[in-house]
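Colleague: What follows is a predicted protein model with its sequence.
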Amino acid sequence: MKGINIAEQGHIVNILPPVDITGGADSDVFSMGNYAHATIVLQVGVSAAAWTATILQACDDFTPSATVDIAFRQYEEETAAGDTLSAAIAKAATGEAAPSANNGIFYVMEIDASELPAGYPNLRLHITNGTNSVIASAIAILSGARYAGDQSATAIA
């Protein structure tokens, strides 16, 4: 096989199944404990208007009991039904403010486990939104496994 077999060389976590994020949404918390890197893909299907912000949060546990907003790198495809990502854009801990209101767009967020604050080995996506109806979903692709194999252990418990 040539290329990347994500199912065996990484781990996919469905952190935010397709949902209306009116009023905001938090993804599932997932662990970076056994992985060196996370790629989060946030997809927007239908958007009545732009949501307020997309923030990446480091979490102390799966509840989470405490969170810290963190900086990350983001690639953007804000053209409806497009597939050409922008160059990497450094996002501050305040996240992505004023995202596009287009339908059929996506964002790719990248972060290394080494960038997480001490005592916060987990991540979640925190989306703020007012009353705008936006249908969105997100997956995390974890890579750089400490214990790789054809089946990987859960990262959400």
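Modeller: Cool, the structure landed. Treat the numbers as computed from the prediction; the structure is a model and nothing was measured.
Colleague: In space, what's closest to the residue nearest the centre of the chain - neighbours in sequence excluded?
Modeller: Closest to where the C-alpha atoms of the chain average out (C-alpha atoms, centre = their mean) is residue 40, at 3.3 Å. Spatial nearest neighbour of residue 40, chain neighbours left out: residue 109 (4.3 Å); criterion: C-beta to C-beta, 6 or more residues apart in numbering. Where C-beta positions appear, they are placed from N, C-alpha and C, glycine not excepted.
Colleague: can you pull the contacts of that neighbour?
Modeller: 39-42, 54, 56, 72-74, 91, 125 (C-beta atoms under 8 Å, 6 or more residues apart in numbering).
Colleague: Closest to residue 20 out of these?
Modeller: Nearest to residue 20, judged by C-beta to C-beta, of these is residue 42 at 14.5 Å.
Colleague: residues touching the residue lying closest to residue 96 once chain neighbours are set aside, list them.
Modeller: Spatially, and ignoring its direct neighbours in sequence, residue 96 is nearest to residue 54 (4.2 Å; C-beta to C-beta, 6+ apart). Going by C-beta under 8 Å, 6+ apart, residue 54 touches 42, 95-96, 99, 107, 109, 125-127.
Colleague: Also residue 27?
Modeller: Taking C-beta under 8 Å, 6+ apart as the definition, contacts of residue 27 comprise 15-16, 124-127, 138, 140.
Colleague: do residue 13 as well
Modeller: By C-beta under 8 Å, 6+ apart, the neighbours of residue 13 are 28, 30, 139-142, 155-156.
Colleague: make it 7 Å
Modeller: 30, 139-140, 142, 155-156 (C-beta atoms under 7 Å, 6 or more residues apart in numbering).
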